[in-house]
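Asker: Return atomic coordinates for the entry below.
(chains A and B)
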Amino acid sequence: MILKKTIERFSEGILFTSSTVTTVAVLFIVIFLFKSGISLFKASPIEDGYSMALNSNNPVKKLTSSQVKDIFNGDIINWKEVGGKDQEIQIFTLDELSAVYTEEQMGPNFELLSSCVEDYVSKNENVITFIDNRYYPKHFSGYLLKMPPISFKEFFLGREWYPTATPAAQFGALPLILGTLWVTLLAILIALPIGLITAIYMAEIASERARRIFKPVIELLAGIPSVVYGFFGLVVLVPAIQQLFGLPVGETALAGSIILAIMALPTIITVSEDAIRATPVSMKEASLALGASHWQSVQYVVLPYAKSGIMAAFILGVGRAVGETMAVLMVTGNAAVMPHSFLEPVRTIPATIAAELGEAPFGGTHFKALFALGIILFIITFIFNSLVEMIKSKNNQ
Amino acid sequence: MKRAHKLTLTQANNYLASYMEYLNVKIKKNEMKKSLVALGMVISMMTPSMMNAQKVNCKVKGSDTCLPLSQKFAEVYGNKNPGSGISVIGGGSGVGLSALISGTTDIAQSSRKMKISEKMKMTDAGKSVKEVIIAYDALAVIVNPSNPVSKMTREQLEGIFTGRITNWNQVGGSNMKIIVYSRETSSGTYEFFKEHVMDKKNFVNSALLMPATGAVVQSVSQTKGAIGYVGLAYVEKSVKALNVSYDNGKTYVTPNVANAKSKKYPITRPLYYYYLTSASAKLNSFVSFILSSEGQKIVLAEGYIPVS
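Answerer: I've put the predicted structure just below:
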């Protein structure tokens, strides 16, 4: 008796612990995600430990990070373009330093380096430097350029994603957000009708024999690893799309959507078929008894009854599509441009995270930006899941 | 365990192989190697006759470009000298060099020369380093075989990859849109190409970023207007490598091992090992193995260009 109770208590304890651990782990992940992501908006787009400086006579006192990028990229070559004098912009980094000054002037252990920096900046009015903070002299006559931290507007509405550009990285997530939504949207448009038709066929029309063949094949679809889908897409689908539409390039949003649609199909078909089958036989029989044909019963009785189940199926399928990484990474071309049509390359959020997180320095701005992207993705999937819950509870009423 | 691309017979193979590399199978390989090395150590402890073999225990860390090469060195060297424990870790050239400065690795493998700022940090810490070139690596610019263009200047390449040139008829080809393929931003090859060919300018944002070198080859082979860049070892018949000029079109050089070796081909970079001068006695046997004809044979077999 006592033994039995102890064992019961013990198993209850184990159950309690495992569910607590799971909950805490999930909460921890969410908190970590938000903490790392939100700290992006305190981070500077300039690499840590580096600063930019101008000659003190230069009327320019402020540069946006995209202006800095354009200057170092050679797209802006005159100070006039950013509100300064009509002077050519001269870029100066430590690499150029060794071309101007001899080793002797820099000192054998580079101890005179900061005076070289001082000398160069004070002599050249059109200079912009990008140098390690430690090599600016203590009493620096030049103007140290302060960069504001990345703003919400820059991140959510910025159109340029250059996470590794130096000195000023660009974290404009808009093309990535739109890319994700476009690919997902088109995937839904493809997967929903096909999935629904197949589900109706399987539940209502298919003979038992046909069903026994179709069902395992469709379920097999769910078991294929996404890398295999991606590989198939790259080798078969991409060239096919390229030829069919006469495009210069086959890696497009369309290719990603088709692959995603195929991947979402098993979920959509299985769940909606179950919903359709769950229609009480009595309702169907009543419909038939009233003289309705089989198809009329399906259309007016079964489908309306299974509506919420079908919706849930569709949203679950979409949920898979939004977060899918590997297959999309391989077929959409991953160009971070604003999408204008489905026949252009796009870059999605999951693909970006997967491709870049491996090499982003831990705790750096790029790292934080990827977590911020993770938050966006989290919110999108969260909305989808809440919709499923809402529809389910509506169904129960 | 040959390097991925050596296994390739078809493009599909090539793709999957380098894709696995992308999925960091290399790290797993590395772990496996560590356990093999550990096993080797156990065996050597049990067999006293082997005790007099040379032993080098060290860590090699840094560039991912050097990674397959260093792993092969460690493997062959470990087989020859049981009891040696050489572990190889990637992470990027910068990571390796900063680990060398902080003393957490013995050798830093790097696909670029040590920066002046890194040298200064070494000087600050009162250490001096030795630099050894272990091999060279060349990048080939590839286009679709149906493309009539077969040569290009550096300036034209810069124009194409930064997006200033958008049509093949601007560089002597047919009227066709140029599709730019690149590696992902995390790749060392991406950085090298950006610095060496594009004068540090950024890639056009419509460039298609592929997750692996094999994917670049695959896509260029099936896209008529495509241009991309890959390591010399990845060039195969399904794509065409361009002759490149770095002197405004006076001479165009074909990318091949001979030209890369003689340094006629311009898009070549040395791969370095950096280690502390104070540790050179300890590492001598391993480093001289790499520079020996046997070590340099491995370099060639792995698709890189030997030093001598």
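Asker: that's a strand at B:Glu131, yeah?
Answerer: Yes - applying DSSP: H, G, I helix; E, B strand; the rest coil, one finds B:Glu131 inside a strand.
Asker: What about the residue in the stretch 51-200 of chain A that chain B sits nearest to, how many residues nearby?
Answerer: The nearest approach of the stretch 51-200 of chain A to chain B comes at A:Thr164, 4.6 Å away (Cβ to the nearest Cβ). Using the backbone N, CA and C atoms, a C-beta is placed for each residue, glycine as well. For A:Thr164, the count of nearby residues is 17 (other Cβ atoms under 10 Å in any protein chain shown).
Asker: now B:Ile133
Answerer: 12.
Asker: how far away is the spatially most central residue of chain B from B:Ser110?
Answerer: Nearest to the geometric centre of chain B sits B:Thr65, at 3.1 Å (Cα atoms, centre = their mean). Distance, B:Thr65 to B:Ser110, using Cβ to Cβ, to the nearest Å: 9 Å.
Asker: just so I have it, where are all the strands in the stretch 51-200 of chain B?
Answerer: Here the stretch 51-200 of chain B has its strands, by DSSP state E, counting those that start in this stretch, at B:57-62, B:85-91, B:107-110, B:129-143, B:151-153, B:179-183.
Asker: picking up where we left off before, please name the residues that touch the residue nearest to the centre of chain B.
Answerer: Listed by Cβ atoms under 8 Å, 6 or more residues apart in numbering or on different chains, the contact set of B:Thr65 reads B:Ser111, B:Asp137, B:Gly188, B:Thr189, B:Phe192, B:Leu271.
Asker: re earlier: least reliable of the strands of the stretch 51-200 of chain B going by mean pLDDT?
Answerer: Mean pLDDT across these is lowest at strand B:85-91; the value there is a mean of 84.
Asker: picking that back up, and of the strands of the stretch 51-200 of chain B, who's closest to chain A?
Answerer: Closest to chain A of the strands of the stretch 51-200 of chain B is strand B:179-183 (Cβ to the nearest Cβ; 4.6 Å).
Asker: okay, the angle between the closest one and strand B:129-143?
Answerer: 150 degrees (axes from the mean of the first three to the mean of the last three Cα atoms, to 10 degrees).
Asker: Which residues does strand B:179-183 contact?
Answerer: The contact list for strand B:179-183 (Cβ under 8 Å, 6+ apart) reads A:248-249, B:160-161, B:163, B:189-190, B:193, B:203-204, B:206-210, B:212-213, B:216, B:219-220, B:223, B:225-229.
Asker: Partner strands of it, with direction?
Answerer: strand B:208-210 (parallel), strand B:226-231 (parallel) (DSSP bridges).
Asker: List the buried residues for the longest one?
Answerer: Right, strand B:226-231. For strand B:226-231, a neighbour-count test (16 or more other Cβ atoms under 10 Å in any protein chain shown) marks B:Ala226, B:Ile227, B:Gly228, B:Tyr229, B:Val230, B:Gly231 as buried.
Asker: now swap in the first one and tell me
Answerer: By 16+ other Cβ under 10 Å, the buried positions in strand B:208-210 come out as B:Leu208, B:Leu209, B:Met210.
Asker: pLDDT-wise, what's the bottom of the residues you listed?
Answerer: For the buried residues of strand B:208-210, the least confident entry is B:Met210, with 86.
Asker: Could you find the closest non-adjacent residue to that residue?
Answerer: B:Val216 (4.8 Å; Cβ to Cβ, 6 or more residues apart in numbering or on different chains).
Asker: Could you list every helix and strand in contact with the helix or strand where A:Ser386 lies?
Answerer: Using DSSP states H and E, A:Ser386 sits in helix A:365-396. Here helix A:365-396 touches helix A:2-38, strand A:170-171, helix A:174-200, helix A:303-323, helix A:349-356, going by 3 or more Cβ pairs under 8 Å, 6 or more residues apart in numbering or on different chains; DSSP states H and E.
Asker: averaging pLDDT over each of the ones you listed, which comes out lowest?
Answerer: helix A:303-323 has the lowest average pLDDT among the helices and strands packed on helix A:365-396, namely a mean of 84.
Asker: in the chain, which ranges drop under the pLDDT threshold?
Answerer: Let's take chain A. For chain A, the stretches with pLDDT under 70 are A:109, A:358-362, A:395-397.
Asker: think we crossed wires, I meant chain B
Answerer: Using pLDDT under 70, chain B drops low at B:1-54, B:116-117, B:186-188.
Asker: Now do the helices in it.
Answerer: B:11-22, B:25-46, B:67-80, B:93-102, B:116-124, B:154-162, B:188-196, B:213-222, B:257-261, B:280-291, B:293-301 (DSSP state H).
Asker: got it, and the stretch 1-150 of chain A?
Answerer: Under the criterion DSSP state H, counting those that start in this stretch, the stretch 1-150 of chain A contains helices at A:2-38, A:65-72, A:94-100, A:103-106, A:113-123.
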